[in-house]
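K.L.:
Predicted coordinates and the sequence they were generated for:
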Amino acid sequence: QVQLVESGGGLVPAGGSLRLSCAASGRTFSSYTMGWFRQAPGKEREFVAAISWSGHSTNVAGSVKGRFTISRDNAKNTVYLQMNSLKPEDTAVYYCAADTSRSWPMRVGSWGRGTQVTVSS
């Protein structure tokens, strides 16, 4: 089981930016597919972005394409989600996810506890 700890959430006005970070445990982080999901109140959890173990492949949901960027630093066991031009509809709890099987598309095996992002209008 991979331990994941998110940080970087908060309250931001519409049009603002935030960068989420997710620190992962494990000596083989560089072999994990990593991703971000979000869940707004009253809605199902949805996919936001994923990045392959090498960082060479990324996938971003259409609703955030062009605004959000996923990246990783394998030396720091950390994956990031840079969120720009934030909209009120981006308000949600954002969850980090890990897939230790190197699948692509990813198959989530571990979840973080989430970090709240609130975008005010």
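P.N.:
Cool, got the structure.
K.L.:
Okay, strands next: where are they in this structure?
P.N.:
Secondary structure of the chain (DSSP state E): strands at 4-7, 10-13, 18-24, 33-39, 46-51, 58-60, 68-73, 78-83, 92-99, 110-111, 115-120.
K.L.:
Make JSON lines out of those and add mean neighbour count and mean pLDDT.
P.N.:
C-beta: built from backbone N, CA, C; applies to glycine. As requested, those are exported to JSON lines (neighbours: other Cβ atoms under 10 Å; pLDDT from 0 to 100):
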{"stretch": "strand 4-7", "mean neighbour count": "18", "mean pLDDT": "98"}
{"stretch": "strand 10-13", "mean neighbour count": "13", "mean pLDDT": "98"}
{"stretch": "strand 18-24", "mean neighbour count": "19", "mean pLDDT": "98"}
{"stretch": "strand 33-39", "mean neighbour count": "23", "mean pLDDT": "97"}
{"stretch": "strand 46-51", "mean neighbour count": "21", "mean pLDDT": "97"}
{"stretch": "strand 58-60", "mean neighbour count": "17", "mean pLDDT": "96"}
{"stretch": "strand 68-73", "mean neighbour count": "18", "mean pLDDT": "97"}
{"stretch": "strand 78-83", "mean neighbour count": "23", "mean pLDDT": "98"}
{"stretch": "strand 92-99", "mean neighbour count": "23", "mean pLDDT": "97"}
{"stretch": "strand 110-111", "mean neighbour count": "16", "mean pLDDT": "96"}
{"stretch": "strand 115-120", "mean neighbour count": "17", "mean pLDDT": "98"}
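K.L.:
Report the contact partners of the residue nearest to residue 13 when sequence neighbours are not counted.
P.N.:
Excluding its sequence neighbours, the residue lying closest to residue 13 (Cβ to Cβ, 6 or more residues apart in numbering) is residue 120, at 5.3 Å. Contacts for residue 120 (Cβ atoms under 8 Å, 6 or more residues apart in numbering) come out as 11-14, 88.
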